[in-house]
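**Student:** sequence? don't have it. structure:
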């Protein structure tokens, strides 16, 4: 009797969550799978099953390979920089003092901005007309978004500026979770700072490193706004990410929701596999 | 939870650990001239780093009111760029209203759903509980674009195409993994004796939730509200796909479209003004609620 009432009340309180999760997550997820095996133009809607034509078209798309390669390149660059800088900043401001609190707040402020706002800010900052670095660009003869590599590095700088503080906080939490007596023991055993860092801090930080790596890889693989606003995929279509490809196939010109759904499903499967591999790698290192 | 309470005071910029600061101060008083000389490179280096993070923001704010060729603010300082923005298409007030509407609706829905949901997951046993909780967290694993393509089709089916309410519903769904998780651990941190005592005193389960538990989980609710506001106010991708009427665009979309309207010539001044308006509420909220902001990040870190 009491248990039945408990279950009923529990369901009652969980109903709003269940409605949202089913209507806006589970059903769309099933629908995108159906769309990926159907002919589904933007304007006319469902035209029946055509599997596996959408997947063939997706893989044969002239920007598919390029966008996959570029997305992976960007992900590696952004992840390495953000994790190293995040940890570096955390070590720098680890001790609590008035000055360090100020530093933490300064590093963290950009993360309150939206990614779109930050991208717009740097869109002006990098422009050859309005940039405060215009004299520098004129005398050295380069532009921030002019060549494929410059565009990649400029966008990565924007991402580091926006997210470094966020990863710093995650690293700080990890560092503060390490008991102080471990460091005391290392010091009394005569370990140098360098040895302490590599032999004590890094191994004990592994759970934090796993979490931040998964977060950063996932976020970077799904990059969209920064490239959509800053480079629009240029110059010469050199900075198209996979999500940008999905957007342009669905809504810009080609208007083919079926093919866009097929790429989306490929991305989803790839992401699940990559995250599972990462977690497994971090776990097996532990044992 | 011990980690949270210990680190909120140190990691949040505003909070200082009591008892630790005085120790540092006495030590600082004893610093010799040689000590200062040794510390100076550290201050210069970290100060320069902080400047890298702050300078782009400060520069945008200054540039938006300074004279610049090709904008509405050619001679002297003033708010010409903001006037351009005010007159752009449906006008800035329209876009501000749209953004505020979407953000507030998202915050309200997220608060209500995660408040009840967190209570259900923390205090009750019911069939399907773990499946529902895992399904909610699984939202995190699915790419934004993968869900927005079918959501575009589904919202069209139910007559919510091109609608701000539709955008708010979608944004609320994307907030659920974080907010449900945070509210669940907030409720779990409250001792069960508290609501049991209230029920013995004659409160219904809802009465106990409302009168006893609500005040206890208020910090969690503030964090959830803050994060859902920032996410909704700043979101670009969902309105980009779901809204195609310039009357209904949100502010980030409008400012982004503002570039290259006049024969491909970009009005950089008006873009700067737009960035300032977009960033201002976020920075003010960040400075006011820094503690809650940092705590939100940390609950995410604890999960891992």
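**Tutor:** Yep, that arrived. The structure presented is a predicted model; accordingly, all values stated were derived computationally and were not measured.
**Student:** tally of neighbours for the residue of the stretch 201-304 of chain B at minimum distance from chain A?
**Tutor:** Going by Cβ to the nearest Cβ, chain A is nearest to residue B:234 of the stretch 201-304 of chain B, at 2.3 Å. C-beta: built from backbone N, CA, C; applies to glycine. Neighbours of residue B:234 under the rule other Cβ atoms under 10 Å in any protein chain shown: 24.
**Student:** how about the contacts made by it?
**Tutor:** Applying Cβ atoms under 8 Å, 6 or more residues apart in numbering or on different chains to residue B:234 gives the contacts A:113-117, B:252, B:278, B:282.
**Student:** swap in residue B:176?
**Tutor:** Here residue B:176 is in contact with A:17, A:20-21, B:110, B:113-114, B:117, B:136, B:139 (Cβ under 8 Å, 6+ apart).
**Student:** find the residue at the geometric middle of chain A.
**Tutor:** Centroid-nearest residue in chain A, with Cα atoms, centre = their mean: residue A:219, separated by 1.2 Å.
**Student:** for stretch A:56-76, what is the average pLDDT?
**Tutor:** For stretch A:56-76, the mean pLDDT works out to 91.
**Student:** cool, stretch A:113-120 as well?
**Tutor:** Here stretch A:113-120 scores 92 as its mean pLDDT.
**Student:** the closest residue to chain B within the stretch 51-200 of chain A: neighbouring residues, count only.
**Tutor:** Per Cβ to the nearest Cβ, residue A:114 is where the stretch 51-200 of chain A lies closest to chain B, at 2.3 Å. By other Cβ under 10 Å, the residues close to residue A:114 number 23.
**Student:** equivalent analysis for the one 5 residues further on, please.
**Tutor:** A count of nearby residues for residue A:119, using other Cβ under 10 Å, gives 25.
**Student:** swap in residue B:150?
**Tutor:** Residue B:150 - counted by other Cβ under 10 Å - has 23 other residues nearby.
**Student:** same check, this time on residue A:162
**Tutor:** 24.
**Student:** return the closest of the contacts of residue B:234 with respect to residue B:101.
**Tutor:** residue B:252 (14.1 Å; Cβ to Cβ).
**Student:** who's in contact with that closest one?
**Tutor:** Contacts for residue B:252 were tallied using Cβ under 8 Å, 6+ apart; they are A:114, A:116-117, A:120, B:99, B:234-236, B:239, B:278.
**Student:** can we see that at 7 Å?
**Tutor:** By Cβ atoms under 7 Å, 6 or more residues apart in numbering or on different chains, residue B:252 lies in contact with A:114, A:116-117, B:234, B:236, B:278.
**Student:** can you check residue A:54 too?
**Tutor:** Contacts for residue A:54 (Cβ under 7 Å, 6+ apart) come out as A:36-37, A:258-259, A:261-262.
**Student:** those also near chain B: which ones?
**Tutor:** residue A:261 (Cβ under 7 Å from any Cβ of the partner chain).
**Student:** for the contacts of residue A:54, give me JSON lines that also has pLDDT.
**Tutor:** Listed next are the contacts of residue A:54 as JSON lines, based on pLDDT from 0 to 100:
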{"residue": "A:36", "pLDDT": "91"}
{"residue": "A:37", "pLDDT": "90"}
{"residue": "A:258", "pLDDT": "91"}
{"residue": "A:259", "pLDDT": "92"}
{"residue": "A:261", "pLDDT": "93"}
{"residue": "A:262", "pLDDT": "93"}
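**Student:** right, and the pair among the contacts of residue A:54 with maximum separation?
**Tutor:** Maximum pairwise distance in these, criterion Cβ to Cβ, is 11.3 Å, between A:37 and A:259.
**Student:** with secondary structure and distance to residue A:275 added, can I get the contacts of residue B:234 in a markdown table?
**Tutor:** Compiled in a markdown table, those are given as follows (DSSP: H, G, I helix; E, B strand; the rest coil; distance: Cβ to Cβ, whole Å):
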| residue | secondary structure | distance to residue A:275 |
| --- | --- | --- |
| A:113 | coil | 27 |
| A:114 | coil | 25 |
| A:115 | helix | 21 |
| A:116 | helix | 25 |
| A:117 | helix | 28 |
| B:252 | helix | 28 |
| B:278 | helix | 32 |
| B:282 | helix | 29 |
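**Student:** okay then, goodbye and thanks.
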